[in-house]
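Asks: need coordinates for the below:
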Amino acid sequence: MSDFIEDLNPLSDFLIGVPATLTSCYIVREQFVHQIFRQLQDKNFIQGHLLVYGLPGTGKTIAVSQAVSLWSLSAPQEEDRPIFRVAYWTKIGNVDNGNLFHILIQLCIQMGLSWEKRPRDLDEVTPCIEQFLQANSHKFEILFIFDDIWDKSHLDYLTFAKKAVLTSRFNYPQWQENYHSFIKAPEQFTSDEVIQVLDGYIYNHNSQIVLESELMTRVIQSCQGLPLAISLLRSLTLETEEHWKEVIDIMESKPVEPKFPDYEFNLYDFIMMCINNLEPEKNELFQLLGVFKRIPIPFRSIMCLWKRNEAEVYEMMKVLDEKALITYYDNVDINARYG
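Replies: Purely as a prediction, here's the structure:
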């Protein structure tokens, strides 16, 4: 599947806002991806809702993105006309109703929706989108993806989406009345998946020795339950067995006051180690982003904050993205870039 997924660029016109997932940066969890894809392809899912939920960092966004790309490619063909499948990806996050309103206005712009009188609030924008979709439903088969929803009440404003995928760390009882299918993200990497991720980032002979040593067993036992931890680990590009032992000792240590109680893993100290491992300039710039709350940060805001030009900020963002410390998001559909 990996080679297949990388060849999806020609479909960009039909994958609106769907984040690219280069297999050089992410592992393809094929079983998880195909589980989601099969649900989207199910004949009973013509108008259905799927909730993909699980702990943060377990690869929900990556798997859904891959599955949606496959779904778009596999549209059935009718004799009189081809069927075009269009996916609209919308990042929600931990936002209030005011920010959700602005997010849905951006979705309207993506879809090419126009109005004589601009909606003033959520109660007005939802029926506006619904009316637009009813008028254009014969042209495309449309799938909406709402990524990382926190507020259980926000589902009330997404009723216009007759076919949708929702990702969340939560699975509220109220949602079970609205969503027809549920898939829980696997919380464990297999040993082969761990090695696949790390093996792709081996840069020297010493690391290869570590990959084949008993230290790998300790790595797997410590953090195979959190794909994010594996991504952080591979970004360190450790050069000696001593470096590996030092890192694994931190991973295995028990924090005095756990800041991430859902994980059986010292994630906080591990993340801090990865930040401190950055070169001084990158470390300083990364920590400047801490003035923001957990929302997408516009690219130009980062340019102003860092006092760097566009090319310099782009290169720095890509480095931090490859180290799994931020997520760089380039939405060409609305000419917007975020970190």
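Asks: tell me where the chain has helices.
Replies: 2-5, 30-41, 60-73, 97-111, 122-136, 191-199, 205-211, 215-223, 227-235, 241-252, 267-276, 280-288, 299-306, 310-322 (DSSP state H).
Asks: for residue 14, which of those is the nearest?
Replies: Closest of those to residue 14 is helix 60-73, at 5.2 Å (criterion: CB to CB). For the C-beta atoms, the positions are set from N, CA and C on the backbone; glycine is no exception.
Asks: where does the stretch 101-250 of the chain have low pLDDT?
Replies: Scanning the stretch 101-250 of the chain for pLDDT under 70 picks out the ranges 178, 189, 191, 193-213, 224-227.
Asks: before we move on, the earlier item: mind putting the helices of the chain in TSV, distance to residue 164 included?
Replies: Below are the helices of the chain laid out as TSV (distance: least, CB to CB, whole Å):
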stretch	distance to residue 164
helix 2-5	22
helix 30-41	11
helix 60-73	11
helix 97-111	12
helix 122-136	12
helix 191-199	28
helix 205-211	41
helix 215-223	32
helix 227-235	24
helix 241-252	37
helix 267-276	31
helix 280-288	34
helix 299-306	28
helix 310-322	27
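Asks: let me have those helices in a markdown table, extended by distance to residue 161 and mean neighbour count.
Replies: What follows is these, written out as a markdown table (distance: least, CB to CB, whole Å; neighbours: other CB atoms under 10 Å):
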| stretch | distance to residue 161 | mean neighbour count |
| --- | --- | --- |
| helix 2-5 | 24 | 14 |
| helix 30-41 | 14 | 18 |
| helix 60-73 | 14 | 23 |
| helix 97-111 | 10 | 16 |
| helix 122-136 | 8 | 15 |
| helix 191-199 | 32 | 17 |
| helix 205-211 | 44 | 15 |
| helix 215-223 | 35 | 18 |
| helix 227-235 | 27 | 23 |
| helix 241-252 | 40 | 16 |
| helix 267-276 | 33 | 16 |
| helix 280-288 | 36 | 13 |
| helix 299-306 | 28 | 15 |
| helix 310-322 | 29 | 16 |
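Asks: who wins for proximity to residue 48 among these?
Replies: Closest approach to residue 48 among the helices of the chain (CB to CB): helix 30-41, 8.2 Å.
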